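Trainee: one predicted model, sequence on top.
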Amino acid sequence: VRLAGFDVGHSAHLSGYAALAATLHPAPGVTVDISITWLPPGLMARMHATEGVGTFYDFVRLGGVAVQARDGTTVTDGAFAYVCRLGALDFGDGPRGLAAVAASGRPYPALDQLAAQQALAAMLGHAGTLPDFVRANAADPVLRLAREEALAPRRLAFAHPAAHAASTVPPA
C-alpha cells in the first residue's frame, strides 16, 4: 500500500544484531510504499514482543491517514504502526530514507544499510574498519547502548497530530 506524509527511514537505534534499525517518521510531501501485516488479536502480543514495544518501539494508531492501494483506491482511513522511541536519525542535515523501501517525493537521500553504517561510524568517530565497528556493536551490548546514547542529540522525535498511543492488549 501507499502512505502519504510519512517515510521509512533509519532510526537512532542499533538493534541487538547491530543493524541500524528502521522507523516510520513524518515526512510531508513523501509517499512511501509499505506492507501491511493483518494479524488476529491472539497473535498481537507476540508481535509486540518481537518489536520491543515499551522498550525500543511504541505501538501507535495513525487516525485519519489515508492508506491507499497502489491503484489509488483507499484501503483504510487509519493504520497501526510501530515507531522507534528514539526517533529517526538526523544524519547532520536531516533523516535518510531506507533505500530498500520505495518512496516518492523524498527531499533527502535514501541509504542502504552499508552506507548508513558507514555514516554512523563516522558520526561516532570510529577510527577502525566498518566490519570491526559492526562486530563490536553486535558483541558488546554495553558499547552498543553507549554508542546509541551518543546519538541522543541526533534524534528526530516522532511527532504527528494523527498519531496516538494504541492499546497493546488484544481485545477479548
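Mentor: Alright, I've got the coordinates.

Trainee: check contacts around Val101.
Mentor: Neighbour list for Val101: Asp7, Val8, Ala22, Val32, Asp33, Ile34, Ala110 [criterion: CB atoms under 8 Å, 6 or more residues apart in numbering]. C-beta coordinates here come from the backbone N, C-alpha and C atoms, glycine included.

Trainee: from Phe80, how far out is the closest residue to the first one other than its chain neighbours?
Mentor: If I follow you right, that is Asp7. The spatial neighbour of Asp7 that comes closest, neighbours along the chain excluded (CB to CB, 6 or more residues apart in numbering), is Ala27 at 3.8 Å. Using CB to CB, to the nearest Å, Ala27 is found at 19 Å from Phe80.

Trainee: hang on, the earlier thing: most surrounded residue in the contacts of Val101?
Mentor: Asp7 (28 neighbours; other CB atoms under 10 Å).

Trainee: contact partners for it?
Mentor: Counted by CB under 8 Å, 6+ apart, Asp7 has contacts Leu24, His25, Ala27, Val30, Val32, Pro95, Gly97, Val101, Ala103, Arg106.

Trainee: quick check: it is in a strand.
Mentor: Yes: counting by DSSP: H, G, I helix; E, B strand; the rest coil, Asp7 is part of a strand.

Trainee: hang on, the earlier thing: any chance of a markdown table for the contacts of Val101, columns secondary structure, distance to Glu148 and pLDDT?
Mentor: Output for the contacts of Val101, formatted as a markdown table (DSSP: H, G, I helix; E, B strand; the rest coil; distance: CB to CB, whole Å; pLDDT from 0 to 100):
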| residue | secondary structure | distance to Glu148 | pLDDT |
| --- | --- | --- | --- |
| Asp7 | strand | 21 | 97 |
| Val8 | strand | 19 | 97 |
| Ala22 | strand | 15 | 96 |
| Val32 | strand | 25 | 95 |
| Asp33 | strand | 28 | 94 |
| Ile34 | coil | 25 | 93 |
| Ala110 | strand | 22 | 98 |
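
Trainee: what is the nearest of those to Thr73?
Mentor: Asp33 (15.0 Å; CB to CB).
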